[in-house]
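**Q** 3D model of this:
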Amino acid sequence: MTDKVDTTTRSRMMSTIKGKNTAPEIFVRCALHAKGFRYRLGGRNLPGRPDLVFPSRKVVLFVHGCFWHRHYCKYFKWPASNVEFWRSKLTRNAERDERNYRVLEGLGWMVLVIWECEIRRSGYKLPNASIEHLETLLRQAHQR
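**A** Numbering: from 1, shown residues only. Okay, the predicted model is just below:
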């Protein structure tokens, strides 16, 4: 199946997709901050550049988009055009994620991942079961 838009338009559309400060990430940050958790943004010196870093708890949190990180949920769909490129790219993304998780765990960090679909279910509103689960894990990590 061919793309519905021309190559130039598709390129322009893809270039507008943000990598930082996405709606799911901002929601998670606000929700955790409201619950009293303090963190650092974008762990530049850590493998995979986690979205949120909780240094005192030795916890990192990745807020992943379902498409870019190949989460097999109702929001993920393999693209119908340029199939080979997308299969290769998304597979490499998922493999890189797993590698980064292993390295971080080897360095003594607890790695947490929250998926876009977990946040979207509640319409970016609280209460949210995934945020409550993160809260529990973060409180337990502080007691380790």
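**Q** Could you list the buried residues of stretch 128-140?
**A** Across stretch 128-140, burial judged by 16 or more other CB atoms under 10 Å covers 128, 130, 131, 134, 138. Quick note: C-beta positions are derived from backbone N, CA and C, even for glycine.
**Q** how about these in a markdown table, adding secondary structure and pLDDT?
**A** A markdown table is the format used below for those (DSSP: H, G, I helix; E, B strand; the rest coil; pLDDT from 0 to 100):
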| residue | secondary structure | pLDDT |
| --- | --- | --- |
| 128 | coil | 91 |
| 130 | helix | 93 |
| 131 | helix | 94 |
| 134 | helix | 95 |
| 138 | helix | 95 |
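**Q** Contacts only, for the most centrally placed residue in the chain.
**A** Centroid-nearest residue in the chain: residue 64, 1.7 Å away (criterion: CA atoms, centre = their mean). Neighbour list for residue 64: 71, 97, 113, 114, 115, 116 [criterion: CB atoms under 8 Å, 6 or more residues apart in numbering].
**Q** If it is in a bridge, with which residues?
**A** Under DSSP bridges, the beta-bridge partners of residue 64 are residue 115.
**Q** Helices along the chain, start to end?
**A** Residue ranges of the helices in the chain, as given by DSSP state H, are 7-15, 23-34, 83-106, 116-120, 129-143.
**Q** Great, nothing more from me.
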